[in-house]
Each structure stands twice: as structure tokens, then as C-alpha cells.
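# Sequence and predicted structure below; questions after.
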Amino acid sequence: MKKFILNGHDIQLETFHEMVMSQHATFQLADSARSEIQKSRQYIEGRIQNKEVMYGVNTGFGAFSSVRISDSEIEQLQKNLIRSHSMGVGEPFTREQSKGMMILRANTLARGHSGVRAEVIDKILEFLNADVIPVIPSQGSVGASGDLAPLSHLALALIGEGEVWGNDYKKIKPLELKAKEGLSLINGCQVMTAVGLLALYEARSLVKLADICGAMSLEGLRGSRKPFNPLIAQTRPHAGEAPTARNLMRVMAEKSEISESHAVNDHRVQDAYSLRCMPAVHGAVKMALSYATKVLETEANSSTDNPLVFADAGLILSCGNFHGMPVAHAMDFIGMALCSLASISHERISKFISTQMSELPPFLAPNGGLNSGHMIVQVASASLVSENKVLAHPASVDSMPTSAEKEDHVSMGTIAARKFVQIVKKAPNVFAMEILAATQALDMLAPLKPADGVLAAFELVRQKVPFAKEDRIFAQDVKAIRDLILSDEIVKAVEKVIGPLEL
């Protein structure tokens, strides 16, 4: 049984994914974190005993921050906050996404800047260890003071009033909230961050796959390898360009029977952008992926409460660390980047069905006319890419004031993360359509063989999807290839031949 120790400092993309996906894993609060939490709590309780006025501890919230709450009503204040802010609507997040939110919420509280008791984190971990996961609606957050509405549904389960997945809910004693603890459970960006991190993990494999797709298409279209010469990347040293060029050259090896057949007398001076510009385009996506990952990993290990408690400095500071804009920008950016990756894949599909570009039978159809071939494969790809372009419209630019102008600039980061998930879900279908077209083209070039890396992917796909001698239900082929993509089998088959691909 895997055990994970949370200390507030070292969650990374891979470990987070492992935490969420591990079955029967246990979670524990680090001893070092527990001592910091206790110190912070003792400090804030001392300030309460001195009758000091502190936001969210003995005042109302948001526009009600000037309303003083009596000591006898402090605990009721916290319950009222959770109940009133549980205003999520729509389809719930997945169980895995909600589990990720709980992990990140526990991790940020473990940093010891929130002033909560250790019992609050222990209760979250008790839920996780019992595999009891709150049902959290996906709509209702503007990413202002963090993800207030969805995190309130998380907290609602902790106090025994929310809906959950799991059978042992009634066996867990509800959490009794003390001063500030309700507010500390809902201030922060753990919803958008959890959703974003899980989608980034999926996107990382797709970025590798895109280089394989591009190499297969270049072989199928008898394109030139010259644009991937390492001398070129040296003249434009963006971080993603050289690794992409190296990936392409390794997947295609130094030469293949196909490349040798047209290397000397090829009448085409230059390939289309979707082929020769892959280092620039795919490389830019790799840079966006690296940036978004760094931002969300930083967020996963940050203190996002308000106010924050600094016991050693003797300070309780009101702040805006809960604001979701860093995550919102990153999610919008990587969403646009992955949209462009699917878009360039679509353009390569388009080249296959055009005799002018491919010099292959129209629409890759044997006996064209009687057979329509890949005519509608390209149409379906266009539909998905167009839908992704709509989803790529940035959410973070669309702020609107909330809470009687008190929260007058919001991030819409959770919307950005949810849109990114949808883009990630559509992209594999586009890549599957490109692979379907590329394998059909490679068969039409037989008996010439492609390079070893391309051949590894081709042979794996052919185990599931045979050459189309005549029209059939191509949607079934796309689904079969998509399954290979999502299981990472294509990337693994190629890497088994050529070694690990670079990101």
C-alpha cells in the first residue's frame, strides 16, 4: 500500500497524478508540518483571547468584513459561511478531480499559514484514506477569493452536510469548525489547480505523440527532412525547437526506403508549413506545457488563505494570495497551445486527401468514386479543431465585479481549467484521424518501408486497424486508434525502438 506524506512543499505533477490515481493509498500529515500548524493555531487563539478584531475570524466576510461577530457566534459564523457559499451548480467534477482538490487543500493548509487546527487537515486525510470523496459541482466559481463555491461543497462534506462518493460517509465523525477554519477551507485555487494538473498530465503524452504523428505524416507525404537539421535550431534557440527537431529525426532515423526513393529527384522545393514548421509549432507547445506545469506546481505548494498567519513574525496579514490569475493565465495559454497542436495535425490530414499535395489517390481511396475514402475523416477533424478554437478563447480576460464591488477583479481560472480539459479530450481524436490517414498513405507507398520509429507506430496500429481497401465505418477505426493513444501504447512502441522522446 502506497503512503503519501503531505508537508505543503513538494507536490509535483507526477506525484500528484500518482496520489490521485493510486488505489488504496494512505495519506498522512508530516510531523514537521504538524508542529508549524500548531504554532500558527496557538498564535491566532492568543489574538482571539485578547479580543482583537481579525478578518474572517471574528468579522463577516467580503462586503460584510466591517461587521463584528461576538465570540459566542464565531463557530456558527463558520458553518454559515460554508452553507451559504455552497452555491455550485451543473455536472459534478469527476471523482478523480475532486480527490485531487482534497489533496491540494490539505497540502496548502499543511504549510501552517492558515491558523487552523491540525484536526482540520487530519479530517481531510481521514476522508481520503476512507476513499470518501465529496461530490463537487463544476460551475459557480469565478476564481476570485479562490474557488469559493466548489470548495464550499468540499467543506460541506467534511462537516457532515454534503453529498459524497463512497459508502463509509456516516462512519466518519463530522468536523466541528472553530474560528477561521471555514474560511481557511474555501480560500484558494485548489479546484482549478487540481483540474489543471490532471489535464496537464494527459497533455504531456499528447505532445510526445504529436511528434510521432508528424513524422508518420511526413513519411506518408514523402516530405523533406532538411528542416530538422540541428544547425537550423541553433540559429533560433527557443527551448522547444531543438528537442522537437531531434524527436522528428530520431523517429524517422537518418533515412528510410521512402525517403531514399524521392531524395534525389524530388520536384517539390519546399513542404507545406504543417510539415517543415513542426519544430517551431510543436516546440512552442512544449514551452507552453513547461510554463503551465511550473505555475501549477508552484500553486500546489503555496499558501492561499486570507488572512495569512506568520506566527514567528507576530503578524496576521490580510492579502490576496487566493486570487486565481496565475493559474488562469497558465490554463488559457496551454489551452491555446494545445489547440494549435491539433490544428496543425488537421492541416496534415488535409494534405493527405489532396492529390496536389500528396500525389496519392484522391481522399486516400482505392477506386475513388465508388469509395469516398477519408473525405469525411478530414471533415470531422475540421469540426473538432473549430470547436477547440472556440474553447481556446481566454477566460481570464473576462473579469466582472462580484460581492458588491468588493471582489471587483476576478480570474475566471476555473472556467479556463475546465475549457482546457475539453480541449485535451478532443485532441486525441484529431491525432487518431491523422494516424489513420498516415497509415493508409504508408500502405499505398508499399513495398517501400518507412523509418524504424514510424514503422513501430505503423505496425502497432495495423494490429487494430487494417488497410482500408474499401469504405467502412471509419469512426470505429478512429476509436481504436484513440484507445491506443490514451493507453500511451503508441508512444511506448516508438520509444522502445528509438529511446525516450524529449519534452
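Nice, I can see it. The shown structure was predicted, so the numbers you read here are calculated from the model rather than taken from an experiment.
# Now L6, what are its backbone angles?
phi -100, psi 130 (degrees, to the nearest 10).
# thought it was touching T108?
No - applying CB atoms under 8 Å, one finds L6 not in contact with T108, separated by 9.6 Å. (C-beta placed from N, C-alpha, C; glycine too.)
# From the neighbour counts alone, determine which of the two ranks first.
T108 (29 against 25; other CB atoms under 10 Å).
# Please save the CA atoms from the helix or strand that one falls within in PDB.
Element membership of T108 [criterion: DSSP states H and E] is helix 95-109. Output in PDB follows, covering the C-alpha atoms of helix 95-109 (Å, rounded to 0.1, in the frame of the first residue of the first chain):
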ATOM      1  CA  ARG A  95     -14.200  11.700  -8.600                       C
ATOM      2  CA  GLU A  96     -10.500  11.900  -9.500                       C
ATOM      3  CA  GLN A  97     -10.700  15.700  -9.900                       C
ATOM      4  CA  SER A  98     -12.400  16.000  -6.500                       C
ATOM      5  CA  LYS A  99      -9.900  13.800  -4.900                       C
ATOM      6  CA  GLY A 100      -7.200  16.000  -6.300                       C
ATOM      7  CA  MET A 101      -8.800  19.000  -4.800                       C
ATOM      8  CA  MET A 102      -8.800  17.400  -1.300                       C
ATOM      9  CA  ILE A 103      -5.200  16.500  -1.600                       C
ATOM     10  CA  LEU A 104      -4.200  20.100  -2.600                       C
ATOM     11  CA  ARG A 105      -6.400  21.600   0.000                       C
ATOM     12  CA  ALA A 106      -4.800  19.500   2.700                       C
ATOM     13  CA  ASN A 107      -1.300  20.300   1.300                       C
ATOM     14  CA  THR A 108      -1.800  24.100   1.400                       C
ATOM     15  CA  LEU A 109      -3.200  24.000   4.900                       C
END
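# Identify each buried residue in the following helix or strand past that helix, please.
Next helix or strand after helix 95-109 toward the C-terminus (DSSP H and E): helix 118-129. Neighbour-count burial for helix 118-129 flags 118, 120-128 (criterion: 16 or more other CB atoms under 10 Å).
# which ones are touching the residue positioned nearest the centre of the chain?
Per CA atoms, centre = their mean, the C-alpha nearest to the average position across the chain is that of A199, at 2.2 Å. A199 is in contact with 417, 420-421, 424, counting by CB atoms under 8 Å, 6 or more residues apart in numbering.
# Let me have the residues you listed in a markdown table, adding distance to M252 and pLDDT as columns.
A markdown table is the format used below for the contacts of A199 (distance: CB to CB, whole Å; pLDDT from 0 to 100):
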| residue | distance to M252 | pLDDT |
| --- | --- | --- |
| A417 | 36 | 97 |
| F420 | 31 | 98 |
| V421 | 32 | 98 |
| V424 | 27 | 97 |
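# Pick the one among these closest to S205.
Nearest to S205 among these: V424, at 10.2 Å, using CB to CB.
# list the contacts for the closest one?
199, 202-203, 206, 338.
# run the last query once more with 7 Å
199, 202-203, 338 (CB atoms under 7 Å, 6 or more residues apart in numbering).
# mind listing which of those are in helices?
199, 202-203, 338 (DSSP state H).
# In terms of distance to A365, which of these ranks first?
L338 (30.7 Å).
# pLDDT at the closest one, what is it?
pLDDT, L338: 97.
# what's the closest non-adjacent residue to it?
Distances taken as CB to CB, 6 or more residues apart in numbering place I423 nearest to L338, at 5.2 Å, with adjacent residues excluded.
# so that neighbour is in which element?
I423 belongs to helix 413-444, assigned by DSSP H and E.
# got the buried residues for that helix?
Going by neighbour count (16+ other CB under 10 Å), the buried part of helix 413-444 is 413-421, 423-424, 426-444.
# so how far is that helix off the chain centroid?
Taking CA atoms, centre = their mean, to the nearest Å, the mean C-alpha location of helix 413-444 is offset from the chain mean by 15 Å.
# L177 belongs to a helix, doesn't it?
No - secondary structure of L177 (DSSP: H, G, I helix; E, B strand; the rest coil): coil, not part of a helix.
# TSV for the buried residues of helix 118-129, including pLDDT and distance to A194?
Shown next, in TSV, are the buried residues of helix 118-129 (pLDDT from 0 to 100; distance: CB to CB, whole Å):
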residue	pLDDT	distance to A194
A118	97	22
V120	97	18
I121	98	16
D122	98	20
K123	97	18
I124	97	13
L125	97	16
E126	96	19
F127	95	15
L128	96	13
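# just those now: which is nearest M357?
Among these, L128 lies closest to M357 (CB to CB), at 53.3 Å.
# Which residue comes closest to the closest one once chain neighbours are left out?
F27 is the one closest to L128 (CB to CB, 6+ apart), at 4.8 Å.
# Who does the one you found form a beta bridge with?
Listed by DSSP bridges, the beta-bridge partners for F27 are F4.
# distance of the closest residue in space to D332 that isn't next to it in sequence from A330?
Excluding its sequence neighbours, the residue lying closest to D332 (CB to CB, 6+ apart) is P394, at 4.0 Å. P394 sits 11 Å away from A330, going by CB to CB, to the nearest Å.
# now I490
According to CB to CB, I490 and A330 sit 27 Å apart.
# In contact with H9, which residues?
H9 neighbours (CB under 7 Å, 6+ apart): N301.
# next one: phi and psi at it?
Residue torsions, per degrees, to the nearest 10, at H9 are phi -130, psi -20.
# Okay, now the unreliable bits of the stretch 1-150 of the chain?
Along the stretch 1-150 of the chain, segments meeting pLDDT under 70 span 56, 62-63.
# Okay, domains of this structure per the record?
Domains of the chain are assigned by automatic domain parsing as 3-187, 196-300+327-401+408-498.
# I'd like those domains as a markdown table, with distance to D312 appended.
Converted to a markdown table, these look like this (distance: least, CB to CB, whole Å):
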| stretch | distance to D312 |
| --- | --- |
| domain 3-187 | 8 |
| domain 196-300+327-401+408-498 | 22 |
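# Right, I'll leave it there.
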